[in-house]
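Engineer: I would like to see how this sequence folds:
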Amino acid sequence: MNLAIDGRAGGRPHQGLRNDALKDAFASRLGAMMRERILSVKDGGARLYRVAAELRTVFEAEDETSAAATLNRLMRRYRASPYLIEDVGQPHHLHFHGDGETDVEALAAEFAVSLALLMDTFGSRRFGICHARDCDRSYVDVTRNGSKLYCSDACAARMKMADYRARARKR
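Structural biologist: Next up, the predicted model:
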């Protein structure tokens with residue numbers, strides 16, 4: 001999502017990627033088999049952007065009810081259905097690929113279900129928009145104590161330094 005959405009990242013303007021640039025950047029983060037499948041989607045960049053924009057609304061939701069409604073809509077739209085899979089060297093585990101038009105939509109179903117499961121377990125406080133000044137990137141908090149507020153270590157460090165300087169000026 002952060003690859004696609006325009007805004008601010010770490011105090012600087014962020015120009016989201018589009019079309020083939022988005023598809024290539026997203027695919028580079030996937031395993032070999034899924035990478036090839038995503039790269040083969042003719043208009044994959046436009047589809048990925050649409051999914052990113054839809055998912056972004058979950059992170060920006062005013063409250064849990066709105067986030068839940070959006071996730072329910074996305075899971076229905078992308079026809080998320082569970083199945084067990086055995087990856088090499090791992091026991092069977094649950095996946096939620098959709099049966100959409102392309103592999104982009106199949107992954108969209110999995111993303112929506114992943115956020116829904118996170119919300120079911122921890123509430124919507126485990127995902128959000130970076131709390132750093134001049135940054136609007138999204139984050140998912142998978143820490144043990146649920147204390148993440150920033151999209152990256154760089155934003156956390158930037159804000160800690162700003163707070164330190166503000167306290168030092170008051171002395």
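
Engineer: Downstream of the top helix by length along the chain, the next helix or strand is which one?
Structural biologist: Secondary structure of the chain per DSSP state H: the longest helix is helix 103-122. Using DSSP states H and E, the helix or strand that follows helix 103-122 in sequence is strand 127-129.

Engineer: how much space is there between Phe93 and Ile85?
Structural biologist: Check again: residue 93 is His, not Phe. Distance of His93 to Ile85, given as CB to CB, to the nearest Å: 7 Å. Backbone N, C-alpha and C define where each C-beta goes, glycine included.

Engineer: What of Thr57?
Structural biologist: 29 Å.

Engineer: Which of those two has more residues huddled nearby?
Structural biologist: For Thr57 and Ile85, the more surrounded residue by other CB atoms under 10 Å is Thr57, and the numbers stand at 14 against 10.

Engineer: ok, and the closest non-adjacent residue to that one?
Structural biologist: Leaving aside its chain neighbours, Thr57 sits nearest to Thr70 (5.4 Å; criterion: CB to CB, 6 or more residues apart in numbering).

Engineer: Strands of this structure, start to end?
Structural biologist: Using DSSP state E, the strands of the chain run over 7-9, 12-14, 83-86, 92-95, 127-129, 138-140.

Engineer: will you turn those into CSV that also has distance to Arg167 and mean pLDDT?
Structural biologist: Formatted as CSV, the strands of the chain follow (distance: least, CB to CB, whole Å; pLDDT from 0 to 100):
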stretch, distance to Arg167, mean pLDDT
strand 7-9, 25, 97
strand 12-14, 25, 96
strand 83-86, 51, 88
strand 92-95, 46, 89
strand 127-129, 25, 94
strand 138-140, 25, 97
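
Engineer: mind putting those strands in CSV, distance to Ser152 included?
Structural biologist: Below are the strands of the chain laid out as CSV (distance: least, CB to CB, whole Å):
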stretch, distance to Ser152
strand 7-9, 8
strand 12-14, 12
strand 83-86, 31
strand 92-95, 28
strand 127-129, 13
strand 138-140, 8
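
Engineer: and Val113, which of those strands is closest to it?
Structural biologist: Set against Val113 and scored by CB to CB, the strands of the chain come closest in strand 92-95, at 8.9 Å.

Engineer: For the residue nearest the centre of the chain, which non-adjacent residue is closest in space?
Structural biologist: Compute the mean C-alpha point of the chain, and by CA atoms, centre = their mean the closest residue is Met1, 5.0 Å away. Nearest residue to Met1 in three dimensions, chain neighbours excluded: Ala52, at 4.4 Å (CB to CB, 6+ apart).
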